[in-house]
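Enquirer: predicted model, plus sequence, below.
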Amino acid sequence: MQPLKQHMLYVRRWLQRKLWQRLVSEAFGVWLLVGLVFGFVLFSIGYGLVWGGHVARVIAMGQAHINETLKESGFVVDTVMIQGRKNLPRHVLREALGPIPSLGVSLFLDIEDVQARIEQLGWIERAIVSRRLPGRLLVTLHERIPFARWAEEGSVFLLDREGYVITDTGVVKFTALPLLKGIGAPRGAGNLFNNLSSLPALSSRIRVAVRVGNRRWNLRLDNGSEIYLPEENPIEVLAYLMTIDSSHKILERCPEVIDLRLSDRVTIRMGDDTRPLYPDMVSDIQEESERELIVTGGRRT
């Protein structure tokens with residue numbers, strides 16, 4: 001009796017296994033058929049889109065739907081905050097940014113592109129653009145600092161200390177800055193005025209600096225006097241001039257030209273309307289100086 005029960009149990013398990021295998025096989029076949037049909041449908045749709053040239057339109061419709069959903073959730077740029085703007089005109093910055101609605105949804109905004117457009121502006125040395133979700137854009141500007149004006153071929157440009165051209169618009173507002181002239185002036189002026197910082201009484205009076213032959217400088221002061229500088233060691237020569245000026249007030253007499261180009265002499269050309277340098281003053285200066293002092297022009301005394 002016992003072997004018969006074991007045999008029946010074995011038969012039942014075998015039937016169950018066969019039934020399960022059949023069910024799995026049939027289910028697999030059904031799902032395979034469904035998959036093939038579904039794949040064929042997707043292929044047909046994709047083929048139709050590509051063949052009919054509708055892919056871009058479908059993508060655009062999907063993008064538009066996503067954008068609309070994000071807009072309804074508040075994820076659209078509606079406020080642009082600006083930090084660090086001092087001299088850059090507002091309308092120039094607006095043109096670089098474009099109309100605020102065209103900036104689009106903040107999640108899809110190309111920050112690097114916006115930043116690059118701003119940094120192309122002459123006034124801007126560096127810009128940082130960042131999102132402030134959901135709908136704000138923060139633009140931090142680092143402007144170039146105006147240093148001098150440069151006159152070239154009938155136009156006047158605004159420069160920074162490195163000689164970078166900022167703009168040729170609105171320069172009239174910066175007439176207090178020195179005016180540069182001559183080839184090579186923008187590149188060399190920064191170094192010249194850096195060195196002149198040791199002579200503030202003189203540097204504050206410079207109105208025009210002319211680069212001569214891209215080798216040396218002529219300076220025009222606020223009283224109209226011109227100083228011709230040598231190519232070598234110009235700051236040392238100017239320091240010497242300021243030393244004798246502190247005692248004898250030469251610059252107060254508004255000479256037309258003070259020529260310092262030669263190492264062994266100082267030539268001062270006086271104008272007809274300038275206060276003269278009297279002989280005793282010339283003698284005193286000559287005694288204090290290792291250079292020969294030559295005075296020409298002006299009224300005879």
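Expert: That came through, no problem.
Enquirer: Leu88 is in contact with Arg144, isn't it?
Expert: No: contact criterion C-beta atoms under 8 Å: Leu88 and Arg144 do not qualify, at 9.5 Å. From N, CA and C alone the C-beta is placed, and that goes for glycine too.
Enquirer: which neighbours do the two share?
Expert: Trp123, Ile124 (C-beta atoms under 8 Å, 6 or more residues apart in numbering).
Enquirer: and the pLDDT for Gly271?
Expert: The per-residue pLDDT reported for Gly271 equals 83.
Enquirer: before we move on, what about Ile118?
Expert: pLDDT, read off for Ile118, is 94.
Enquirer: can you list the neighbours in contact with the helix or strand hosting it?
Expert: According to DSSP states H and E, Ile118 maps onto helix 111-119. Under the criterion C-beta under 8 Å, 6+ apart, residues 93, 96-97, 103, 124, 126-131, 137, 139, 141 lie in contact with helix 111-119.
Enquirer: contacts for the very next helix or strand once past it?
Expert: Later in the chain than helix 111-119, the nearest helix or strand by DSSP H and E is strand 124-132. Strand 124-132 has contacts (C-beta under 8 Å, 6+ apart) with 81, 88, 106, 109, 111, 114-115, 118-119, 137-144, 160.
Enquirer: filter the residues you listed down to the buried ones, ChimeraX style.
Expert: Buried residues within the contacts of strand 124-132, by 16 or more other C-beta atoms under 10 Å, are selected in ChimeraX with:
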select :88,106,109,114,115,118,119,137,139,141,143,144,160
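Enquirer: ok, which stretches of the stretch 51-200 of the chain are strands?
Expert: 79-83, 124-132, 136-143, 148-152, 155-159, 165-167, 179-181 (DSSP state E, counting those that start in this stretch).
Enquirer: residues contacting Asn195?
Expert: By C-beta under 8 Å, 6+ apart, the residues touching Asn195 are Pro234, Ile235.
Enquirer: can you tell me how far it is from Ser203?
Expert: Counting by C-beta to C-beta, to the nearest Å, the gap from Asn195 to Ser203 is 9 Å.
Enquirer: same check on Leu93?
Expert: 33 Å.
Enquirer: my read is that Gly184 contacts Arg211, right?
Expert: Yes: using C-beta under 8 Å, Gly184 makes contact with Arg211 at a distance of 4.9 Å.
Enquirer: between these two, which one's more packed in?
Expert: Shown here are Gly184 and Arg211; by other C-beta atoms under 10 Å, Arg211 has more neighbours (20 against 14).
Enquirer: quick check: chain neighbours aside, which residue is closest to the more buried one?
Expert: Excluding the flanking residues, the one nearest Arg211 by C-beta to C-beta, 6 or more residues apart in numbering is Gly182, at 3.3 Å.
Enquirer: hang on, the one you found packs against Arg216?
Expert: No: Gly182 is not in contact with Arg216 according to C-beta under 8 Å; the separation is 9.9 Å.
Enquirer: could you pull out the helices for the chain?
Expert: All helices of the chain, identified by DSSP state H, fall at 2-52, 55-72, 90-97, 111-119, 185-196, 200-203, 234-248, 279-288.
Enquirer: what's the angle from the last one to helix 234-248?
Expert: Between the axes of helix 279-288 and helix 234-248, defined by axes from the mean of the first three to the mean of the last three C-alpha atoms, to 10 degrees, the angle is 130 degrees.
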